[in-house]
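# no sequence on this one, just coordinates:
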C-alpha cells in the first residue's frame, strides 16, 4: 500500500514538473517593427545577458498602471546588460495607435508590434501586463508571470508584498532556476489570439 502511495506521489510530482516545463516555452527568432517604424530582430540582442519582455495593449488599464513598476525594475537591472522591451499582439492595435498610447502615457520602452502574433503564440500569451525573462542566446524562457502582486482585477495595493520579477531576475542572475510553482497567473486584459 505504501508503495502505491509513493508511486502516486512520484507521478504527481512528475506531472507538476512537466506542466511547469510546458508553461515555460521559448522565444522564436523575430524581425518586428516598433512604434516608430524601426525594425528589431532577436539577433541584435544576442549580446545581452537577458531580455525582459512585457505584454502591452492599447487601452488596457492594468497594463498602464503597471508601467511605473516595470520602469522601476528596468532602472534597477539595466546596468547588468539586460534589455527591457514590450510587445503588442492585439489585432486591433496598429503602429499608429501604439505610438499614440506611448506618447500619451509616457511609455519610454521599445514596443514591438507582433502583427502575426509570432511572439504571442510561441510564448503562450493570454493577457497583457505579463512579463517574460528570456535568455537571448538559448532563446529559453526562464520566467513568466506578473511583475508583482500589487495589481488585481478589482484591487490595488499601495505596495507589493511579493516582487516576482525582481526575485526571478535575482535568481537567474545568480545562476539559479525560478520555481514556477510559486508564481501566480498574470492579471491583465485578454489578448485575442487568432487561428492560422
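Right, received. Where do you want to start? As the structure is a prediction and not an experimental result, all values here were calculated from the model.
# list the contacts for the residue most central in space within the chain?
By CA atoms, centre = their mean, the mean C-alpha position of the chain lies nearest to residue 131, the distance being 2.0 Å. Residues in contact with residue 131 (CB atoms under 8 Å, 6 or more residues apart in numbering) are 52, 53, 54, 55, 70, 143, 144, 145, 146, 147, 165, 186. In short, each C-beta sits where N, CA and C put it, glycine included.
# three-state assignment of residue 142?
strand (DSSP: H, G, I helix; E, B strand; the rest coil).
# Excluding chain neighbours, what is closest to it?
Spatial nearest neighbour of residue 142, chain neighbours left out: residue 133 (4.6 Å); criterion: CB to CB, 6 or more residues apart in numbering.
# Quickly note the distance from that neighbour to residue 89.
18 Å (CB to CB, to the nearest Å).
# what does residue 53 give?
According to CB to CB, residue 53 stands 11 Å off from residue 89.
# repeat for residue 116
Note on residue 116: its distance to residue 89, by CB to CB, is 9 Å.
# between the two, which one's more packed in?
Taking neighbours as other CB atoms under 10 Å, residue 116 and residue 89 compare with residue 89 leading, 25 against 13.
# Wait, the more buried one touches residue 112, no?
No: under the criterion of CB atoms under 8 Å, residue 89 is not in contact with residue 112, lying 9.3 Å apart.
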